[in-house]
Every structure is written in structure tokens, then in C-alpha cells.
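Engineer: generate a structure from the sequence data that follows.
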Amino acid sequence: MCHLYSGVSTVAVHNQVPGRTGRSTPSLCMWIQTQAASGRHACASAPRTPVDFTVKYSLTHFQAHGAIQNLAVSRDAQQREVFVACRNAIQAVSSAMEKIWEVKTGPVGSPDCETCRACDIETDPGDPHGICYFIDSSSPQPEPQCLYKKEQNSPSFCPDCLASPLGTKVTIVEQAYTMLFFVAASVNDKVVQRYPRRSVSVMRPLSTEDGFHMVMSGLTVLPSLRNSYKIDYIYSFSSKDHVYFLSLQREDPLNSNSAFQTRLGRLPTLIPEVWMYREVVLECRYDPKRRRRRREAYREVVYNGLQAAHLGRAGKDLMDELRVDEREDILFGVFAVVDERGDPEKNSALCAFPLTKVNHAIDMGVEACCQSGTEQLSRGLSHFQPPESCNVTCSDKATLVAQPYYRLDLFNRKMRNVLFTAVLVTINGNHTLGHFGTSDGRILQVAIFQRMSMFKVPSAGPGCAHFMTCSTCLKAPRFMNCGWCSGVCSRKLKCASRWNTKSCAPVIMEFFPKVEPVGCETELTLCGWEFQSPLRPAIINRKTHSVTVGSGTICNVLPKKSNSEPSITELRPDHGPVYGGTSVTLTGRYLDSGLQRDVFLATQMTAAFTHRTNSLVPLKVIIDNVHVTTTKMFFYRENPIITSVHPQCGFQR
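Structural biologist: Got it, this is the predicted structure:
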């Protein structure tokens, strides 16, 4: 039996005769040198990349003047405008990403600043008042109107001073025939001492639209902590009967090295009083036990720092997992691990907090604080109020719930090399789609804003071209509307030929053997992909030199040589000693055809026989099941005998 390594026209045979029960048995190995692999031919093992994440899509976008600081969407169903706030400007942008109008808000002292001229007061860039302005967005070119009454404000008492240069979040709630402004602002001594502003306050605009009336006197960081304890307000929203403020702050106001926490503050819209203010710590966790990850030894991770949030609802798939009602408001937050200096790691997580469960946790926490027991809980919020323990009147004071409320990372710790900085959640059918901005300026869309630009990303995704194989293309979520078109994954409108969403045709990249002996039924090996589809067995047509696989897929892969009958023209050397060990070369035509070649110096393939001195044995070559016709013979001579060695000694070197 021979072991083939390849084949063209020359075959090298090594003749070995091992001993067997006192007899000599011929055994041959044949080397044929071409480009094929050893043994039976094998397809290349290089894997195909199913998804190419480097594909670039051209998205409709709007380029702002500077870093985008905030976005708002018009509630008017007839005019779906987006309002973009960047440094020194507010711009209205259409759904086609075209600018409609622009209002200049700075720099202070510039003749272009439109808001600077709206109030009859002196402006000081080093000591801003924190004034709000009213803009009628329905006007073709709106003019800002000042929400500040000069005669009722002073450097020591300023009810119309709301915004802080350190950061401000405002949620407006309609109530009867007026509106309430729920304001959360980061403050320090400088912000509070002149034109004072509060950490949390509630204001109602005057009917004259030139100032505010204070509804809630507010909560402000205690004087001794204002310069050392900063509250970074990240997101604010309203839902049903409450307004919520999300912030990042240290756990212990008296310890500047304590860990950071994400906190959710709550105020009722009907009774916005200080004593009704509640807070709870929100945690986004990764729990390896709950996630049943056995392959890697992960530790429990607490993502303590909220980076961005969005209030929305979930599609049916996610609702079933969260076990919530379809009308449930859900707070989606992207978190990161934040160190003691406040720097976030590139290690993000997404958690979903159903508001009914959050509110229940707050109510239960306040009730636990009110219960009498051997150990009294702290009322907390010691940065807003003097430290004290809970008592029977606990429900009449602002309270921090002692027990954090946590949810698990929906990404299961798979976002370990990315930092999310923005999040928007939408619904498409039963799917919940997350749109995430990253710290390196990318937009990631996942089924569950670059800082200088705002992109319009379709809810179905930017495109399908990143799916590199037919199978991954057809397995994409249905809402993406992807199909296979002439070797490319695309949407139907961009397909100029047949657009297929049902099945994948096999792709044949290589085949072997290229030549088969005449009259042989050689097994054909095809290399490629998409063979996992339900295919019919391959049908080989030897007249047309083609192979048919799958649903009528025909490939002209068989050789078109009319004469491929192997022949042997030379055997060199044609003699050797009886004890074997002679390398023999066969030369001829089409010796590389077929898959398996067997070479024998015997009349039968497996028979053992005794070689006689000066005897001829026939050469026998079988390619697959075809016997190669040859008259070549191999002559066994007497074994060489060594009678003497001269010289019998010598030097080592």
C-alpha cells in the first residue's frame, strides 16, 4: 500500500522488505510531488469572517459648531424637529438633518449673542446669574425672551436664578394651566454666595413670562461641604406622579476618597415639598452565578457610575425577560466602573430599572426606616441635612433608602473594551433596540452621538453590508430587512438582481481531484461554504464536466480532458537486491489523477511471497479502482555480500 502526497507525472517508490515468518514481504511507499496536501486532499481550514465590523456607512448627519451638549425632540407630531444645544448656540434641525434656525447664546459680550441682549442687566462672564430664556420654536426665526425680573432679584436673593455653570438638569411638568420647573443643579460656594442657586428646587413661571415663583424652597448642599462634595446631575425625567433626578456622588460626604454611587432622587409632582424628597442608590451588577458563566472565572462586578440614561419602554421580547407590563416605564442606564478619582473605566454595562419596582423599593425603604427596632437606621442625606436617625416621624423628612436597588447587566459583561456615553432605546416590532454613543465617537446599535456630530440612524440599522456570508445575512433580525444579493448582504432597494431571503446557495472555492482515470468513479471533494443548508446530494455529470449541488446550483468544475488514461513509460531503476530498500521512480502520464494510488510488486495486493534470486516480478499500479496497464517488470538480484573492508583503520578526523 502506498501513501500519496500528490501527483503529476513522476512517482518515487521506496522498496522495503521487512521480515515475516522467515519470509520476505514487499512493501512500497510512493512520493509524488505537486501542490496537494499529504494523504487524502483536505480543504483549507482558514475560517471565514462572518461579520466585518470595519464596514463604513454613509449616514445622513448634521455637523454642529462644537461639542453637542444636549438634544431635545419636538413633541409636535407634525414637525419632528430636533433641537441641538452646543456651546454658544441652539439650533433646530429637521428630520432630513438640515438646519431650520439658530439662536446665538454667546459668547458673553459678543455682538452676535442674542440672549445677552434679551435681559436688561449687566452680564459678567466670571459671575453668571443662571438666567433662563424662553424661545418660541414655532417661529421661523425665534427671538429669545428673558425669564428674569430685575426688580425681584438681587445678588443675595435670586428666585429667577436657576442654572449653574457647573451643570443643570431641568424637567418641565404641565400642571393644570401652568408648568412646574423641577431643577437640579451642581453648586459650590461661588455659585451659592452671589445670585444663589439651589441643588434641588421647584419653580413656576409667572403669568407675565418674565420670571419665576418659588414653589419649593429647595435642598442645597450644606455650607461646610459645598466645595468638597459635588453632586453631578446626569439625567432628569418625569413619569406619572413623580419627577426623578439621577446623579453621581460619593458615598460618604465627609470622606473625599469614598466610593462613588449612582443615586435616584424622587419628588411628587402634586406635593413638591422638601419633606417628600426620597433617594435610593441604583446599582448595575454583573453576577457570574446568576448568569451561569462556567467557562471563565468572573468575579461579581458593581458598575457604580451612571454615564447616561433614557426613559422608555421595552419590546415584547425584553418585557417577557423583565416580567413587566407593556405599559411600564423603564429607566435604561449605561454604567461604568468609576474609580475613587471619578474616572470611568472602558468597561460598560446596561441595566433596565422598571419604575414601579424602583418606587416599591423606595416605599419599602422609607417604611423600614420608620419601624422601631433595636438598631435605628440613619435618615441619610447628610449632605443636605444634619445627620440623624430614623424615628416615627421619618416620613415627614427627606430620606435616603438604606438598601440599594440593583439590576443585572443585560450585556452580560460583553462590553469590556468600550465606554458608553449616551443611550437611546426604541422599539421595532417585538425587539428593543439600544443606540449607544461611545467615548471614541462611534454609534453602536444593538437589538436587546459622536460629540461633534449628530447622526440620523434608522431604527432598522444603518445597513446590511457588514454581514459577510449568506448564512449570517439571513440570520440577521427580521427588522433589519437584510437579504443576499449577488454575493453581498443588502436591502431590497439596493439589489439590482435577485434578492434572496430564503436560502443560501453553496459557494465552491476549490475542488479535487482535477483529473480522474478513464472509467473510474472517483469521489469528488468540494471546498467552500454554505453547505450546511438542506442540499440534495451532489450529482456529477461526466459528459458535461459539471457538478450539481443544492437547488439546481451547477458548477463547471470537472476537468475537460478527453484522454486521462494513466500510463507508465519508465521504471527506474528496474532492479534491486532481494532484501529491498531500493528507491524506485515511476514515470508516465496522468499518474496524479484520482484520489488514491496503490503500487505493488506482486501479483496480488496483499499476498506474501518469497523472492528468488534473479527473478522478475510484475509492477502493479491501481488508481482508485482503475488498473493501470503496464508491462514493466522489476528484477530481483542477489543480495550484495561484503567480504572485506580496506583500509581497516584511519584517523578520527
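Engineer: mind showing which ranges of the protein have poor pLDDT?
Structural biologist: Across the chain, the ranges flagged by pLDDT under 70 are 1-41, 45-47, 289-298, 372-375, 392-394, 449-457, 519-521, 531-563, 602-612.
Engineer: where exactly do the helices run in it?
Structural biologist: 189-193, 288-291, 316-322, 355-370, 470-474 (DSSP state H).
Engineer: report the residue ranges of every domain in this protein.
Structural biologist: 230-290+297-459, 463-503, 567-637 (the TED database).
Engineer: looking at the ones you listed, which is closest to residue 96?
Structural biologist: domain 230-290+297-459 (8.2 Å; CB to CB). Heads up, the C-betas are built off the backbone N, CA and C, glycines and all.
Engineer: what about the closest one, how long is it end to end?
Structural biologist: 37 Å (CA to CA, to the nearest Å).
Engineer: please enumerate the strands of the stretch 251-400 of the chain.
Structural biologist: 260-268, 278-286, 301-303, 305-312, 330-338, 344-354, 399-400 (DSSP state E, counting those that start in this stretch).
Engineer: tell me the bridge partners for residue 483.
Structural biologist: residue 490 (DSSP bridges).
Engineer: mind listing what it touches?
Structural biologist: If a contact means CB atoms under 8 Å, 6 or more residues apart in numbering, then residue 483 has 464, 473, 474, 489, 490, 491, 492, 495, 499, 500, 501 as its contacts.
Engineer: among those residues, name the buried ones.
Structural biologist: Buried residues within the contacts of residue 483, defined by neighbour count using 16 or more other CB atoms under 10 Å: 464, 473, 474, 489, 490, 491, 495, 499, 500.
Engineer: does the third one touch residue 499 like I think?
Structural biologist: No - counting by CB atoms under 8 Å, residue 499 is not a contact partner of residue 474; they are 11.4 Å apart.
Engineer: shared neighbours, these two?
Structural biologist: With CB under 8 Å, 6+ apart as the test, residue 474 and residue 499 both reach 483, 484.
Engineer: what about the domains of the chain, which gets the closest to residue 109?
Structural biologist: domain 230-290+297-459 (25.1 Å).
Engineer: distance between that closest one and the chain's centre?
Structural biologist: 22 Å (CA atoms, centre = their mean, to the nearest Å).
Engineer: cool, stretch 104-122 as well?
Structural biologist: 44 Å.
Engineer: give me the number of residues near residue 179?
Structural biologist: 12 (other CB atoms under 10 Å).
Engineer: spatially nearest residue to it (excluding sequence neighbours)?
Structural biologist: Nearest residue to residue 179 in three dimensions, chain neighbours excluded: residue 172, at 5.3 Å (CB to CB, 6 or more residues apart in numbering).
Engineer: report how many residues lie close to the residue nearest to residue 620 when sequence neighbours are not counted.
Structural biologist: Nearest-residue entry for residue 620: residue 600, 4.3 Å, with adjacent residues in sequence omitted and distances by CB to CB, 6+ apart. Residue 600: 20 surrounding residues under other CB under 10 Å.
Engineer: can you offset everything so residue one is 148?
Structural biologist: Happy to do that; since the first residue is 148 now, the last one works out to residue 747.
Engineer: pretty sure residue 747 contacts residue 775?
Structural biologist: No - applying CB under 8 Å, one finds residue 747 not in contact with residue 775, separated by 11.2 Å.
Engineer: shared neighbours of those two, anything?
Structural biologist: With CB under 8 Å, 6+ apart as the test, residue 747 and residue 775 both reach 768, 769.
Engineer: in the sheet, which residues pair with residue 352? Tell me.
Structural biologist: Counting by DSSP bridges, the residues bridging with residue 352 are residue 359.
Engineer: could you check how far it is from residue 265?
Structural biologist: 15 Å (CB to CB, to the nearest Å).
Engineer: and the closest residue to residue 404 other than its chain neighbours, how close does it get to residue 451?
Structural biologist: The shortest distance from residue 404 to any non-neighbouring residue, by CB to CB, 6+ apart, is to residue 487 (5.4 Å). Plainly put, residue 487 is 11 Å away from residue 451 if you go by CB to CB.
Engineer: now residue 605
Structural biologist: Residue 605 is 34 Å from residue 451, by CB to CB.
Engineer: looking at those two, which one has more neighbours?
Structural biologist: Higher neighbour count among residue 605 and residue 451: residue 451, with 23 against 13, using other CB under 10 Å.
Engineer: surely the more buried one meets residue 486?
Structural biologist: No - at 9.5 Å, residue 451 and residue 486 do not qualify as touching, with contact defined as CB under 8 Å.
Engineer: any chance of the domains of the chain in CSV, with distance to residue 312 too?
Structural biologist: Below are the domains of the chain laid out as CSV (distance: least, CB to CB, whole Å):
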stretch, distance to residue 312
domain 377-437+444-606, 13
domain 610-650, 41
domain 714-784, 79
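Engineer: give the contact list for residue 257.
Structural biologist: 251, 263.
Engineer: residue 308 now?
Structural biologist: So residue 308 contacts 276, 277, 278, 300, 342, 343, 344 (CB under 8 Å, 6+ apart).
Engineer: and if we set it to 6 Å?
Structural biologist: Contacts for residue 308 were tallied using CB atoms under 6 Å, 6 or more residues apart in numbering; they are 276, 277, 342, 344.
Engineer: what distance do you get for it to residue 794?
Structural biologist: 115 Å.
Engineer: one step back: and the gap between the residue nearest to residue 326 and residue 462?
Structural biologist: Relative to residue 462, and taking CB to CB, residue 319 is found at 28 Å.
Engineer: mind checking which of the two has more residues around it?
Structural biologist: residue 462 (20 against 14).
Engineer: contact partners of stretch 419-430?
Structural biologist: By CB under 6 Å, 6+ apart, stretch 419-430 touches 349, 362-363, 366, 408-415, 449, 509, 543-548, 551-553.
Engineer: for PyMOL, what selects the buried ones among these?
Structural biologist: For the buried members of the contacts of stretch 419-430, the matching PyMOL selection, counting by 16+ other CB under 10 Å, is:
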select buried, resi 349+362+363+366+408+409+410+411+412+413+414+449+509+544+545+546+547+548+551+552+553
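Engineer: those strands in the stretch 148-297 of the chain, which residues are they?
Structural biologist: Going by DSSP E, counting those that start in this stretch, the stretch 148-297 of the chain shows strands at 157-163, 166-167, 170-171, 174-178, 208-210, 215-220, 229-233, 236-240, 246-251, 279-281, 292-294.
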